Structure formats: structure tokens, C-alpha cells
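1. coords please:
(chains A, B, C and D)
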Protein chains: 2
Amino acid sequence: MRASETAYQLLRDEIIQWKLEPGTPLGEVETSLRLGVSRTPLREALSRLIAEGLVRTGPGRTAVVTSLSRGDIVELFELREALETQSARLAARRRERLVFESLRADFLAGGRGAGGAGPVSAEDRPYVLADALDLAIDEAAASVYLRGALRDLRGHLARVRRSAHSNSERLARATTEHVLIVDAILAQDEALAASATSVHLHNSLENILASLPEDTE
Amino acid sequence: MRASETAYQLLRDEIIQWKLEPGTPLGEVETSLRLGVSRTPLREALSRLIAEGLVRTGPGRTAVVTSLSRGDIVELFELREALETQSARLAARRRERLVFESLRADFLAGGRGAGGAGPVSAEDRPYVLADALDLAIDEAAASVYLRGALRDLRGHLARVRRSAHSNSERLARATTEHVLIVDAILAQDEALAASATSVHLHNSLENILASLPEDTE
DNA sequence: TGGCGTCCGATTGTATACAAGGTAAAGTAC
DNA sequence: GTACTTTACCTTGTATACAATCGGACGCCA
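-> As a prediction, the model looks like this:
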């Protein structure tokens, strides 16, 4: 694999998994030594991360890991609502019956049967299923531009998930909401698919904000 | 100015103004010589353009200017609808009375008074005004993530504009639609702002597709 | 004592040299 | 004649050396 790609993947994972906390400076020499690549491919990796929004250029041209305050999360969900309601609308328009019927069965079965490859811990199962739905809707969107915007969004959302955890009550309600979205897509009801997605995202955001520590980060 | 920034601006302008047609290969050595920068900053410029979607990596790791077929334009407008309806919604929620009242007056005056800095040709005036509205809505969106996605989108749309021209009838109708959007924002009617934007984009897309040459590019 | 200027250090920005990979063309064998 | 293999060139990928710019600290002068 190319060194620039390696550096990109490593840094991206470290940022998403909070091994690199917001505000961490990413000096080129230091980081390139740490990752075992030279400065040139590292700079390419940093460029991609900056374009993606996970890294920003701080004072003095230094690269630092972007922060993720409550306000950021709210704004992130404003973008998410825009993209996912549209995706859901398009998914309903171009319904792929098999995919979504399979998903619906998985949700109702509580996650058993989803992600057949490898065992999934009971704790992660709801997330795996939710990711599967996100992925199916992304695919159904079919627009390369929409998908590109969604791809970047997913990285930020993975970071949010690491900083906020759901309780079991929320997970149960989320499943209900997910099933409604899938049903709307299967019924080719664009308006309902969009509305159901919007509702789901509002509830999800509310839960996240409530579970967040008080300090504004 | 930094060489990488120079190269980025030059290439971006050339692509948007169709001086570099879709499919044009951008060999690193050739392009760096042509622009008068070395390969390293050029690669950084290409990275940014690839992230933005104006350049893609073709077979054999070569960078080529992305195509812009009818299908691409349709997909682009699917993203645009997602982003701009949401922006309009947020603009209505956070209404900035002065900005939009000023815009409304400009639209009704047919563009006189807009873009006070420098003379604007009569041909470009409608576009300048439409851009001013886009900008105001982008600003009002206030979400950095939404704005980031919109920023990339604008580059692609500028390319589309170069390949399709509006007739005077369409321009008149577009102005009516713009005024409706502004009015909805001023009335803080989120739903109407979103719907009016959606209608406007559908009409705009239809006009563009109709004015496009038959061949699928 | 406070403010300003200069110098030193470190960091990023750029250029170039070298390595590796891939593609195309040419030649040979079937 | 066609298909496959091999070779050579061209392209991109990486590393390192050098230049320039920014920040900070120290010292001097008011």
C-alpha cells in the first residue's frame, strides 16, 4: 500500500477513536517519524484530512485535530439531516426491494443474522445494524456527489458516537424509527421516508446532547 | 502566495471556465512545467481538486479533469436540492432581516444596485444577483459543515453554467422564484422556504437540461 | 520598568533526485 | 496471423536537501 494511504488511514483511525484528542498539534516532522513515513506522503494525508474536516490548519500553518463541541455536533446534524433525508427520498424513489426487505427482517430480529462475517458483540450489534441501514440508503442514493458528501460525514459521526453512548431505551426506540424508515422506502413513499428520517435524526441528536458531559468541550 | 495555492487557483479556474475540457489528463511533469511550479506543490493542488471532485484519478494513477454529463448534472442537482433546501430552512429560522430585505429590493429592481463594486455587464447581472442570494443563504446556514459542502458544490455549478445558457423568459421566471424564496425567509416560513427552493431548483434543472446539446457528452 | 527591535530557532514550503510500478510496444513462438 | 511474453520507457510515489517564513526570547534603549 502507498505510504500516503497508510498515513491517512492511521491518522483517520486515531482521530475517530479519540486516540488523538481535539486540539492535538500534528507537527510534520514529529508525525512523519511516528508513523514511519516521510514528510511528503504525510502532507498528502494531512491534505485529505483537512479537506475532510477532521484536521484544520491552526495558527502558524500548524495542523491540529479539529474540535467537536456541542455546537459542532448540532451543526453536523444539520448537514446530516440535509443529506440523509434526501438520500431516503431517493432510496424510496429507486426502491431496491430485496435489500430493504432483508434489512427490515434483521431489525425485527434484533440484529441476529446481520453482518454474517464474524461474531459481533451484543453491545455493538445495534450500531452494526444502523450502519447497514445507513450504507443501504447511501448506496440507493446513487448520486456520486451525494455519496461523496455522505462519506465525509460518516467520519465525523463516528467521532460523535465515541463521545456519546445510548441507553437501552433509546436503542429500542431507534429500532422502531429505523423500521419506519425502511417501511416508507419499501412503500415508495418519498415524503414519509424523508420525514421519518428527519424525526429519527432529531431524536438521535437529542439523545446525544443529553448524554454529553456538561462542559462545552 | 504559496505555489501550491497558485497552482490550485489556476487549475480550478481553467477547469471551471472549460479551458481544460473534461477528460484532459493532467500529467504531473507537464502540468508543473506549464504552471511554473514544481511537482510537490502541484500534487498538493491536485489533491485538493480531487477531494473537491473537479479532478479524478484515472487508470494508472493519472489525474484527469472529471466529466460533466447530463447524468452528472442531474446527480449534482440532487445534492444541491439537499443542501440548499436545508440552508433555506435554516436561513428562515435565523432570519437576518436587513440582508434579505436588501436582496428583495435588488431583485425587484432588476439587479440595479447589486454588486456596487465595479460595472457588471447586463448579461451577467442576473447571475450576480442569483449568486448574491446563494451567498446570503449560505451565510445564514451558519453551519460550517453545511457551508463546506456548499462551497464544493459551487465550483461544480459554475461549470454547469458555462455549458448551459438561460433564455430571457427563464431569467424572468427565475427572478419570481427568487423573490418567493426571499419572502418566505423574511416571513420565517421554513417549510415554504424549502419548498420554494425545491421548485426553483427543479425548474432550473429542467431549463439546463433542455438547453444542453443532445449528445450525452 | 516597559516597550520595541533584532537575532536565533524551529517549522513549514519547495525543489530535485531516486525508486518502483505500470503500460505499451515489439518480438518471438505456436 | 495471433497471442503471449519480455523489455524498455514513462509515469507516479517517496525521500531528502535546501529555502523561507513565522514565533519567541533576549537585550537594549527610552
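2. My guess is A:Ile16 contacts A:Arg162. True?
-> Yes - A:Ile16 is in contact with A:Arg162 according to CB atoms under 8 Å; the separation is 7.0 Å. C-beta here means a position set from N, CA and C on the backbone, and glycine is covered the same way.
3. more neighbours, these two?
-> Set A:Ile16 next to A:Arg162 and count neighbours by other CB atoms under 10 Å in any protein chain shown: A:Ile16 wins out with 19 against 12.
4. check which helix or strand covers the closest residue to the more buried one other than its chain neighbours.
-> Distance criterion CB to CB, 6 or more residues apart in numbering or on different chains; nearest residue to A:Ile16, sequence neighbours excluded, is A:Ala158 at 4.7 Å. Element membership for A:Ala158 (DSSP states H and E) is helix A:144-163.
5. Could I get the average pLDDT for whichever helix or strand comes after that helix?
-> Per DSSP H and E, the first helix or strand lying C-terminal to helix A:144-163 is helix A:168-186. In this model, helix A:168-186 carries a mean pLDDT of 92.
6. Might you enumerate the residues of chain A proximal to DNA strand D?
-> Within chain A, the positions adjacent to DNA strand D are A:2-5, A:37-41, A:44, A:59-61 by CB under 7 Å from any atom of the strand.
7. Buried residues, stretch A:207-214. List them.
-> A:Asn207, A:Ile208, A:Leu212 (16 or more other CB atoms under 10 Å in any protein chain shown).
8. In helices, which of those appear?
-> Within those, residues falling in helices by DSSP state H are A:Asn207, A:Ile208.
9. With respect to DNA strand C, which of the buried residues of stretch A:207-214 is nearest?
-> The closest of the buried residues of stretch A:207-214 to DNA strand C turns out to be A:Leu212 (CB to the nearest atom of the strand; 30.8 Å).
10. need the contact list for the nearest residue to the closest one once chain neighbours are set aside.
-> For A:Leu212, ignoring the flanking residues on the chain, the nearest one in space by CB to CB, 6+ apart is A:Ala164 at 5.5 Å. A:Ala164 makes contact with A:Asn207, A:Ile208, A:Ser211, A:Leu212, according to CB atoms under 8 Å, 6 or more residues apart in numbering or on different chains.
11. same thing but at 7 Å, please
-> A:Ile208, A:Ser211, A:Leu212 (CB atoms under 7 Å, 6 or more residues apart in numbering or on different chains).
12. And A:Ala45, by the same measure?
-> Listed by CB under 7 Å, 6+ apart, the contact set of A:Ala45 reads A:Ser4, A:Ala7, A:Tyr8, A:Leu11.
13. hmm, 10 Å instead?
-> A:Ala45 sits next to A:2-12, A:26, A:31-32, A:35, A:37, A:55, B:47 when contact means CB atoms under 10 Å, 6 or more residues apart in numbering or on different chains.
14. so how far is B:Leu11 from it?
-> With the distance defined as CB to CB, to the nearest Å, A:Ala45 ends up 21 Å from B:Leu11.
15. so, in contact with chain B or not, the longest helix along chain A?
-> Longest helix in chain A by number of residues (criterion: DSSP H): helix A:70-93. Yes - Helix A:70-93 is in contact with chain B by CB under 10 Å from any CB of the partner chain, via A:71-72, A:74-87, A:89-90.
16. ok, and the helix or strand in chain A with the lowest average confidence?
-> Least confident helix or strand, chain A: helix A:125-141 with a mean of 85, by mean pLDDT, DSSP states H and E.
17. what's it packed up against?
-> helix A:70-93, helix A:97-108, helix A:144-163, helix A:168-186, helix A:190-211, helix B:70-93 (3 or more CB pairs under 10 Å, 6 or more residues apart in numbering or on different chains; DSSP states H and E).
18. Among those helices, which comes closest to DNA strand C?
-> Nearest to DNA strand C, of all these, is helix A:144-163, at 22.0 Å by CB to the nearest atom of the strand.
19. relative to helix A:125-141, how tilted is that closest one?
-> Orientation check (axes from the mean of the first three to the mean of the last three CA atoms, to 10 degrees): helix A:144-163 against helix A:125-141 gives 170 degrees.
20. Just the CA trace of helix A:144-163, in PDB.
-> Extracted C-alpha coordinates of helix A:144-163, given in PDB (Å, rounded to 0.1, in the frame of the first residue of the first chain):
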ATOM      1  CA  VAL A 144     -21.900  10.200  -6.700                       C
ATOM      2  CA  TYR A 145     -22.000  13.800  -5.300                       C
ATOM      3  CA  LEU A 146     -24.400  13.000  -2.600                       C
ATOM      4  CA  ARG A 147     -22.500   9.800  -1.700                       C
ATOM      5  CA  GLY A 148     -19.200  11.800  -1.600                       C
ATOM      6  CA  ALA A 149     -20.700  14.300   0.900                       C
ATOM      7  CA  LEU A 150     -22.100  11.400   3.000                       C
ATOM      8  CA  ARG A 151     -18.700   9.700   3.000                       C
ATOM      9  CA  ASP A 152     -17.100  12.600   4.700                       C
ATOM     10  CA  LEU A 153     -20.000  12.900   7.100                       C
ATOM     11  CA  ARG A 154     -19.600   9.400   8.300                       C
ATOM     12  CA  GLY A 155     -16.200  10.000   9.700                       C
ATOM     13  CA  HIS A 156     -17.400  12.900  11.800                       C
ATOM     14  CA  LEU A 157     -20.400  10.900  13.000                       C
ATOM     15  CA  ALA A 158     -18.100   8.000  14.100                       C
ATOM     16  CA  ARG A 159     -16.300  10.500  16.200                       C
ATOM     17  CA  VAL A 160     -19.500  11.700  17.800                       C
ATOM     18  CA  ARG A 161     -20.500   8.100  18.600                       C
ATOM     19  CA  ARG A 162     -17.300   7.700  20.600                       C
ATOM     20  CA  SER A 163     -18.200  10.600  22.800                       C
END
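21. Show me which positions of stretch A:14-29 end up buried.
-> Within stretch A:14-29, the residues scored as buried using 16+ other CB under 10 Å are A:Glu14, A:Ile15, A:Ile16, A:Leu20, A:Pro22, A:Leu26, A:Glu28.
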